[in-house]
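Visitor: give me a 3D structure for the following:
(chains A, B, C and D)
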Number of protein chains: 4
Amino acid sequence: GAGGIPVPRIFAPYSIYKGKAAVSVNPILPTFTKMDSGHFRVERKGCILLTFWPAVGERKYDWGKKQVNFLFLVIVITVFALSATEGRRHVSDKKFCYSNAGQVRKSLSIKAVPDGTGYFVSLNVVNNLTKITERFVVPVTTAEFIVMKTACSYALPHIMGWHRLTNQQLGDSAKK
Amino acid sequence: GAGGIPVPRIFAPYSIYKGKAAVSVNPILPTFTKMDSGHFRVERKGCILLTFWPAVGERKYDWGKKQVNFLFLVIVITVFALSATEGRRHVSDKKFCYSNAGQVRKSLSIKAVPDGTGYFVSLNVVNNLTKITERFVVPVTTAEFIVMKTACSYALPHIMGWHRLTNQQLGDSAKK
Amino acid sequence: GAGGIPVPRIFAPYSIYKGKAAVSVNPILPTFTKMDSGHFRVERKGCILLTFWPAVGERKYDWGKKQVNFLFLVIVITVFALSATEGRRHVSDKKFCYSNAGQVRKSLSIKAVPDGTGYFVSLNVVNNLTKITERFVVPVTTAEFIVMKTACSYALPHIMGWHRLTNQQLGDSAKK
Amino acid sequence: GAGGIPVPRIFAPYSIYKGKAAVSVNPILPTFTKMDSGHFRVERKGCILLTFWPAVGERKYDWGKKQVNFLFLVIVITVFALSATEGRRHVSDKKFCYSNAGQVRKSLSIKAVPDGTGYFVSLNVVNNLTKITERFVVPVTTAEFIVMKTACSYALPHIMGWHRLTNQQLGDSAKK
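Guide: Numbering: from 1, shown residues only, chains lettered A, B, ... in the order given. Below you'll find the predicted structure:
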């Protein structure tokens, strides 16, 4: 805000680079707003940012052509907890559908690699205005998927804002 | 206390809005009191606050008619850990019974949705004085239930006050 | 140390009160010592403190007759992780045996309640000098046991001193 | 950096001492670098440091002959999550192979003890220049392995740098 000191942000995405595309996972914390009472409430919810971008050569990737998907709380769980445990079934497009003014439609899917060694994580972007369809597919190993899942489980209370609960000072008793 | 500087509180409830009612989950931290020795002990135990309030129209909810239930440590575990793992059996009223001077009786129950897609979380409030009975039922999806459970697991050491253990300074050695 | 400012301690034990005895669980953090290099290393390892004390009447307990057992890292895992998962088998005395100059021998055991509703947590203290044997048995419910287990899992990295890893400041890069 | 104040480091390795060798587990946090924007990004990734050193007598170990192996994120998961759950199968050398200019080749393996009481954690170091091969084998109990695994799971978000997410101040809202 005007006059406010910008708080430095930390960039620590978890990125997986594969043959045709790369994907990175990055948690976005909620923002808080000060109420008249002096207390704080969540203003903008947190989420997990999934960014896909294409390979344009051997170990070369074009960040300029990236496509970003925001996964809110319940979707994070559906993607990383349920899709991995409940029979590795296909996560239908409907659940992850994300539309932008009806013109851009993004869908995310997680499918098991047939030989059981991992998952295909893919994003499909249909732009009805430009008539362009993009598809990013990143095959991740089981270990890479567990890293994504473990990191997202860790991030979950933070994107809910519950980590703030630990910041209160001692002596918050009425009798202090 | 008198002369004390009030510590700002953080409001970050996890809320689920459904057709007939909404429910929110909010952890309440314990308070600490300073002893004559200069050390601190838990004064008032923490808990999880479950708040239910009714819908009064499409996507409109009446916060004024809310009903609050406090879940202490062992109940949190029973609701979120056991009820989800041990055969999704009905959690009997007895366990969650909460009475206020014998006049208001609240009971919480978690029941599996028959098609296996989630749970019914409901609160029953019987007021023997006004002869009014209220019932709030919120159907939650499996993913929403996992969010509630994951968040409560995260909160558990905090409502016990064990997160305070991390606040001690380096050099707490006798030889410093 | 001489001249040092004592750091306030936090007391937040998790206590279970039953008919004949009570038990409390309390994590003890490691202490650190500053090396000549200016860095810190663990000086005294952390542990979990299990304290038992007897009932001397209805809801009255005699803290003066308490018996304390220290559970170090591997024992904590054996008690709370293995004993609950590996067939609820009897944890032999040998494993938890703890002797004090050969005169006082303490043994801890965890046994499943036959009806499957919980565990018997008990401490046996044999004093070869005074020829006195004490035995404390606390029946805990499954939910209470999960609370103990969850809390100890949370405490584990702290009693190892790994929570210190989070205390370093930003700009710990060589290029700052 | 020049003029920078060195940040004190914390040494809290988890060490297991056995008959012929010892092994210690120590997390190394990532370093961050300040960008021109004033924000921070990960500069050097974190990892888990596995150090082996040989016994040279009863309860005497030669730290001077230590051999160090760095386990990056995905390897940590493969070693501690997958090797323990997926049938305790032999983790092939290929996966953990680590070469230094083609002259020193290190391989780590985790094998179940035949009687099911634990694991053999071993490091093989082949130096093609000096023609010396070293082998360290540490038998760890199931409880010790769970401690290693639990500690590494705790460390995982930290070696990714995601624990920094909790360090931002309140009032990071644009409207503050």
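Visitor: tally up the residues packed near A:Lys66, please.
Guide: Applying other Cβ atoms under 10 Å in any protein chain shown, we find 15 residues neighbouring A:Lys66. Every residue, glycine included, has its C-beta placed from N, CA and C.
Visitor: kindly apply the preceding question to A:Gln103 instead.
Guide: A:Gln103 has 11 neighbours, counted by other Cβ under 10 Å.
Visitor: same thing with A:Lys65?
Guide: 13.
Visitor: per-residue pLDDT, it?
Guide: On the pLDDT scale, A:Lys65 is placed at 90.
Visitor: residue in chain A nearest to chain B?
Guide: Chain A approaches chain B most closely through A:Gly161 (3.4 Å), counting by Cβ to the nearest Cβ.
Visitor: surely that residue and A:Glu43 touch.
Guide: No. With contact defined as Cβ atoms under 8 Å, A:Gly161 does not reach A:Glu43; the gap is 9.7 Å.
Visitor: between the two, who's got more neighbours?
Guide: A:Gly161 (23 against 16).
Visitor: phi and psi next, for the more buried one.
Guide: When read as degrees, to the nearest 10, the backbone of A:Gly161 gives phi 90, psi 10.
Visitor: pull up the overlap in contacts between A:Gly161 and A:Glu43.
Guide: Listed as contacting both A:Gly161 and A:Glu43 by Cβ atoms under 8 Å, 6 or more residues apart in numbering or on different chains are A:Pro30, A:Phe32.
Visitor: list the contacts for the residue lying closest to the residue of chain A closest to chain B once chain neighbours are set aside?
Guide: Excluding the flanking residues, the one nearest A:Gly161 by Cβ to Cβ, 6 or more residues apart in numbering or on different chains is B:Ala12, at 3.4 Å. By Cβ under 8 Å, 6+ apart, the contact set of B:Ala12 is A:Pro30, A:Arg41, A:Val42, A:Met160, A:Gly161, A:Trp162, A:Arg164, A:Leu165, B:Asn26.
Visitor: go again using 6 Å as the cut-off
Guide: By Cβ atoms under 6 Å, 6 or more residues apart in numbering or on different chains, the contact list for B:Ala12 reads A:Val42, A:Gly161, A:Trp162.
Visitor: what distance do you get for it to D:Asn26?
Guide: 34 Å (Cβ to Cβ, to the nearest Å).
Visitor: tell me which element the residue sitting nearest the centre point of chain A is part of?
Guide: In chain A, the residue lying closest to the centroid (Cα atoms, centre = their mean) is A:Ile48, at 2.5 Å. Applying DSSP states H and E as the criterion places A:Ile48 in strand A:47-57.
Visitor: quick one, phi psi at the closest residue to A:Lys34 other than its chain neighbours?
Guide: Closest residue to A:Lys34 apart from its sequence neighbours, by Cβ to Cβ, 6+ apart: A:Phe40 at 5.7 Å. The phi and psi values for A:Phe40, taken as degrees, to the nearest 10, are phi -120, psi 150.
Visitor: show me what A:Phe40 is bridged to.
Guide: Going by DSSP bridges, A:Phe40 is paired in beta bridges with A:Lys34, B:Ile10.
Visitor: do I have it right that it meets A:Leu165?
Guide: No. Counting by Cβ atoms under 6 Å, A:Phe40 does not reach A:Leu165; the two are 11.4 Å apart.
Visitor: just the strands in chain A please.
Guide: A:10-11, A:14-17, A:21-28, A:31-34, A:40-44, A:47-57, A:60-61, A:67-71, A:98-100, A:104-112, A:118-127, A:132-141 (DSSP state E).
Visitor: ranking the ones you listed by mean pLDDT, which is last?
Guide: It's strand A:98-100: among those, that one has the lowest mean pLDDT, namely a mean of 49.
Visitor: can you list contacts of stretch A:45-56?
Guide: So stretch A:45-56 is in contact with A:20-24, A:26-30, A:61-63, A:65-72, A:76, A:123, A:136, A:152, A:159, going by Cβ under 6 Å, 6+ apart.
Visitor: please redo it, this time with the cut-off set to 7 Å
Guide: Under the contact criterion Cβ atoms under 7 Å, 6 or more residues apart in numbering or on different chains, stretch A:45-56 has outside partners A:19-30, A:61-63, A:65-72, A:76, A:108, A:123, A:136, A:152, A:155, A:158-161.
Visitor: just the contacts of B:Ala12 now: which is nearest D:Val140?
Guide: A:Trp162 (34.9 Å; Cβ to Cβ).
Visitor: tell me what the lengthiest helix in chain A is packed against?
Guide: Ranked by number of residues, the top helix in chain A under DSSP state H is helix A:142-159. Helices and strands touching helix A:142-159, by 3 or more Cβ pairs under 7 Å, 6 or more residues apart in numbering or on different chains; DSSP states H and E, are strand A:14-17, strand A:21-28, strand A:47-57, helix A:73-77, strand A:118-127, helix B:142-159, helix D:73-77, helix D:142-160.
Visitor: quick check, the residue in chain A closest to chain D?
Guide: Residue nearest to chain D within chain A (Cβ to the nearest Cβ): A:Ala12, separated by 3.3 Å.
Visitor: so the closest residue to A:Lys20 other than its chain neighbours bridges to which residues?
Guide: Closest residue to A:Lys20 apart from its sequence neighbours, by Cβ to Cβ, 6+ apart: A:Ala55 at 5.3 Å. Bridge pairing for A:Ala55 (DSSP bridges) gives the partners A:Tyr61.
Visitor: next, count neighbours for A:Ala55.
Guide: Per other Cβ under 10 Å, the neighbour tally for A:Ala55 reads 17.
Visitor: from A:Val138, how far off is it?
Guide: 10 Å.
Visitor: got it, and A:Ser107?
Guide: Distance, A:Ser107 to A:Val138, using Cβ to Cβ: 15 Å.
Visitor: same question for A:Ser15.
Guide: A:Ser15 is 10 Å from A:Val138, by Cβ to Cβ.
Visitor: between these two, which one's more packed in?
Guide: Counted by other Cβ under 10 Å, A:Ser15 and A:Val138 do not tie: A:Val138 has more neighbours, with 21 against 12.
Visitor: that one touches A:Ala21, doesn't it?
Guide: Yes. The criterion here is Cβ atoms under 7 Å, and A:Val138 meets it with A:Ala21 at 5.2 Å.
Visitor: how many neighbours does the closest residue to A:Ser153 other than its chain neighbours have?
Guide: Ranked by Cβ to Cβ, 6+ apart and with sequence neighbours excluded, the top spatial neighbour of A:Ser153 is B:Thr150, at 6.8 Å. Neighbour count for B:Thr150, taken as other Cβ under 10 Å: 19.
Visitor: report pLDDT for B:Thr150.
Guide: 85.
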